[in-house]
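Q: mind looking at a prediction? Sequence and model below.
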There are 2 protein chains.
Amino acid sequence: MSKFLVFGHQNPDTDAIASSYGWAYLERTAWGRDAEAVALGTPNEETAFVLDYFGVEAPRVVESAKAEGVSQVILTDHNEFQQSISDIRDVEVVAVIDHHRVANFETANPLYMRLEPVGSASSIVYRASKEAGVELPKEVAGLLLSGLISDTLLLKSPTTAASDPQVAKELAEIAGVSLEEYGLEMLKAGTNLASKSAEELIDIDAKTFELNGNKVRVAQVNTVDINEVLARQADIEAAMTASNAANGYSDFVLMITDILNSNSEILALGNNMDKVESAFNFKLENNHAFLEGAVSRKKQVVPQLTDSFNA
Amino acid sequence: MSKFLVFGHQNPDTDAIASSYGWAYLERTAWGRDAEAVALGTPNEETAFVLDYFGVEAPRVVESAKAEGVSQVILTDHNEFQQSISDIRDVEVVAVIDHHRVANFETANPLYMRLEPVGSASSIVYRASKEAGVELPKEVAGLLLSGLISDTLLLKSPTTAASDPQVAKELAEIAGVSLEEYGLEMLKAGTNLASKSAEELIDIDAKTFELNGNKVRVAQVNTVDINEVLARQADIEAAMTASNAANGYSDFVLMITDILNSNSEILALGNNMDKVESAFNFKLENNHAFLEGAVSRKKQVVPQLTDSFNA
């Protein structure tokens, strides 16, 4: 049997790394397939904390499936091709495990796809492992728990599904950690923005969306103090403008998310600020505005932008 | 809770009708949701036989979701928008149960998607009902069994998954029929082509595919005698040419499938006959050619056309 590569999206976050690691484990253990978890980038600080905590080595970074001699891949935590491996169109996608909208995705052949509107791709991997009767080792459970905590900001995001608290409880038990304590420690590890250049900051967790012909970059950073980030506004704006120019983005939208109070400040620059304003029904002042209660890019930002750009 | 419509593709075949009927049953019984199975067309003769056999009324035909006052839909046995309800882009797809490739499909929001590369969408519905602990009534099991038999030509098509024979065995038991006897009787009910006009014949089971900018129509009819169909070649070609012109198809590819010997004759007309020939590595003579062992549009025809049109 040929080898599968399993990977999450570019600019991997904790759920991307965890879900691919967990699914590859499942492929090998439950179904005896030759599957390796790899990554489309190096771990961010939050993920590095998680890997270190559970004693797992970071998956190696790959740039191209063909260069690995692999023709079949499995995607976790994403499906849109522009968020995937560079040569995604030249390989066969045999499976997708995801919890996002579907777009810019197509295959020539039938495939296995398991998408559920739940808090994290890691939640789905955990459910699948239970169904397959696989007992997860402590570190796999720890990673999956971290993916869920990361994506839902400790179960506070509106993307949290009714089933997720129970998933978190079970995973925390297997991993041998306290959900609340470990969760907050882990999230805080990802808020260390001071050590990052503005260019690094806007790329920590950034995805590109095709909205009615526009390439819109939507990035998110977590913090415990929004004002600390806004103090660097001039530098960050310069980085956003440069990124728009270098990558052909029409717009750059940055969510600065307060993980303690579950709000976000939106900082945005580009050609379609009218559409950004009408998406959120607010006025940008000095290029930014407050979005109360918004912590989820997927549920509270991208659908609104999609509707507004298509209006 | 608002109401969901559940439906299969246009020109519904037995699997489209059966899987939507079964999934709507599951939505109501297992999850208490208000779901109604409807259809995007009237049953073909095979499906009419099945519905009559198990005493099930044909799902009512709908043209538009909005006209039904419905804003959320569930697709079974298809995902490509051009095979779906006319106003698919104006409603929210909340779930997809399918066993086809993914293409021309996108959503603004995360959704439930369960795609498996198995013989029929009905197989997936049956598996989901077992997982949910739902006991299927005889007629629901009979419909799902029929969907599987229809799509796999009684488990002979290469689309038959390793798990399908067991699914068929269990469904036949619940439905109280002999798999082989019932299966052959049912398939034969679908081969009564003499009563059809050429226009009807090419539309019994036809789907449109977007291949590299071309709208390619791929239809399939089942028969116990390929020559009987070819005797009507002139009329059928006239209908295909008229359909290309009326609908803007670049090409029309008709599979005439011998259900007893599991082969197909391909009859094709259009602008890209060079691409059709190179797809199957054969020469069309008098617009047709034999394709040994081919019974599956999805596995033995569409991927080959896709590759050839993109070459």
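A: Here it is on my side, so go on. Residues are numbered from 1 along each chain as shown, chains lettered A, B, ... in the order given.
Q: state the helix or strand in which A:Val94 lies.
A: Under the criterion of DSSP states H and E, A:Val94 resides in strand A:92-98.
Q: could you pull out the buried residues of that strand?
A: A:93-98 (16 or more other CB atoms under 10 Å in any protein chain shown). Placement of C-beta: from N, CA and C, glycine included.
Q: try stretch A:158-171
A: Those would be A:159-161, A:164, A:167-168, A:170-171, for stretch A:158-171 by 16+ other CB under 10 Å.
Q: try stretch A:131-142
A: Neighbour-count burial for stretch A:131-142 [16+ other CB under 10 Å]: A:134, A:136, A:139-142.
Q: before we move on, back to that, just flag the most distant two among the buried residues of strand A:92-98.
A: Taking CB to CB, the two most distant members of those are A:Val94 and A:Asp98; they sit 13.9 Å apart.
Q: circling back to that earlier point, how far off centre is the strand holding A:Val94?
A: Relative to its chain's centre, strand A:92-98 lies at 16 Å (CA atoms, centre = their mean, to the nearest Å).
Q: what is it packed up against?
A: Applying 3 or more CB pairs under 8 Å, 6 or more residues apart in numbering or on different chains; DSSP states H and E, one finds that strand A:92-98 makes contact with strand A:72-76, strand A:112-115, helix A:121-131.
Q: how about these, which one is nearest B:Asn227?
A: That would be strand A:112-115 among these, by CB to CB, at 39.8 Å.
Q: direction included, what does the strand ranked longest in chain A pair up with?
A: Taking DSSP state E as the criterion, chain A has its longest strand at strand A:214-223. According to DSSP bridges, strand A:214-223 has the following sheet partners: strand A:206-211 (antiparallel), strand A:251-258 (parallel).
Q: how about A:Ala39, nearest residue that isn't a chain neighbour?
A: A:Pro59 (4.3 Å; CB to CB, 6 or more residues apart in numbering or on different chains).
Q: spatially nearest residue to A:Glu265 (excluding sequence neighbours)?
A: Closest to A:Glu265 by CB to CB, 6+ apart is A:Ile256, at 4.4 Å.
Q: now do the buried residues in the helix or strand bottoming out on mean pLDDT in chain A.
A: Lowest on mean pLDDT, DSSP states H and E among the helices and strands of chain A sits helix A:297-300, with a mean of 90. By neighbour count on 16+ other CB under 10 Å, the buried set for helix A:297-300 is A:297-300.
Q: most tightly packed of the strands paired with strand A:214-223?
A: Each of the strands paired with strand A:214-223 was assessed for mean neighbour count using mean count of other CB atoms under 10 Å in any protein chain shown. The highest is strand A:251-258, with a mean of 24.
Q: list the contacts of that one.
A: A:153, A:202, A:214, A:216-226, A:229-230, A:236, A:240-241, A:243-244, A:263-273, A:275-276, A:291, A:294-295, A:297, A:301, A:305 (CB atoms under 8 Å, 6 or more residues apart in numbering or on different chains).
Q: could you rerun that using 6 Å?
A: A:216-222, A:226, A:229, A:240, A:244, A:264-265, A:267-270, A:272, A:295 (CB atoms under 6 Å, 6 or more residues apart in numbering or on different chains).
Q: next one: stretch A:110-124
A: For stretch A:110-124, the external contacting residues (CB under 6 Å, 6+ apart) are A:15, A:18-19, A:76-77, A:93-99, A:144, A:147-148, A:151-152, A:159-161, A:164, A:167, B:99-101, B:110-113, B:115-117.
Q: span of that stretch from start to end?
A: One end of stretch A:110-124 sits 20 Å from the other (CA to CA, to the nearest Å).
Q: quick check: mean pLDDT of that stretch?
A: Here stretch A:110-124 scores 97 as its mean pLDDT.
Q: just how off-centre is that stretch within its chain?
A: 13 Å.
Q: equivalent analysis for stretch A:12-27, please.
A: 11 Å.
Q: do that stretch and chain B meet?
A: No - against chain B, stretch A:12-27 shows no contacts by CB under 6 Å from any CB of the partner chain, the least distance being 13.1 Å.
Q: buried ones in that stretch, by neighbour count?
A: Residues of stretch A:12-27 classed as buried: A:12-27 (neighbour count, 16+ other CB under 10 Å).
Q: other residues contacting stretch A:130-148?
A: A:14-15, A:18-19, A:21-22, A:25, A:29-30, A:50, A:54, A:56, A:119-120, A:122-123, A:125-126, A:129, A:168, A:171-172, A:174-175, A:186.
Q: which ones among those map onto helices?
A: Per DSSP state H, helices hold the following members of those: A:14-15, A:18-19, A:21-22, A:25, A:29-30, A:50, A:54, A:122-123, A:125-126, A:129, A:168, A:171-172, A:174-175, A:186.
Q: any regions of chain A where pLDDT drops low?
A: Residue ranges of chain A with pLDDT under 70: A:1.
Q: enumerate the residues of chain A near chain B.
A: Residues of chain A found near chain B (CB under 6 Å from any CB) are A:99-103, A:106-113, A:115-117, A:303, A:306.
Q: make it 8 Å
A: In this structure, chain A approaches chain B at residues A:99-117, A:131, A:159, A:298-299, A:302-303, A:306-307, judged by CB under 8 Å from any CB of the partner chain.
Q: looking at the buried residues of stretch A:131-142, which is nearest chain B?
A: The closest of the buried residues of stretch A:131-142 to chain B turns out to be A:Val134 (CB to the nearest CB; 16.2 Å).
Q: helix, strand or coil for that closest one?
A: coil (DSSP: H, G, I helix; E, B strand; the rest coil).
Q: my guess is A:Asn152 contacts A:Ser163, does it?
A: That one is not Asn; residue A:152 is Thr. No - counting by CB atoms under 8 Å, A:Thr152 stays clear of A:Ser163, with 11.8 Å between them.
Q: sorry, back to before: export the buried residues of helix A:297-300 as CSV, with columns for distance to B:Gln83.
A: Formatted as CSV, the buried residues of helix A:297-300 follow (distance: CB to CB, whole Å):
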residue, distance to B:Gln83
A:Arg297, 31
A:Lys298, 27
A:Lys299, 29
A:Gln300, 32
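Q: between those, which is nearest B:Glu36?
A: A:Lys299 (27.6 Å).
Q: mind listing what the closest one touches?
A: A:157-159, B:109-110.
Q: all helices for the stretch 151-300 of chain A, in order.
A: For the stretch 151-300 of chain A, the helices defined by DSSP state H, counting those that start in this stretch occupy A:164-175, A:179-189, A:198-201, A:226-230, A:233-247, A:273-280, A:297-300.
Q: deepest of these, which one?
A: helix A:297-300 (a mean of 20).
Q: return the set of buried residues in the helix or strand just after that one.
A: Note on helix A:297-300: by DSSP H and E, the next helix or strand toward the C-terminus is helix A:302-310. Buried residues in helix A:302-310, counted by 16+ other CB under 10 Å: A:302-306, A:308-309.
Q: ok, now how distant is the residue nearest to A:Ala39 from A:Gly22?
A: Separation of A:Pro59 from A:Gly22 (CB to CB, to the nearest Å) stands at 11 Å.
Q: same question for A:Thr76.
A: 8 Å.
Q: identify the contacts common to those two.
A: A:Val125.
Q: how about A:Leu260: what's its closest non-neighbour residue?
A: A:Val224 (5.5 Å).
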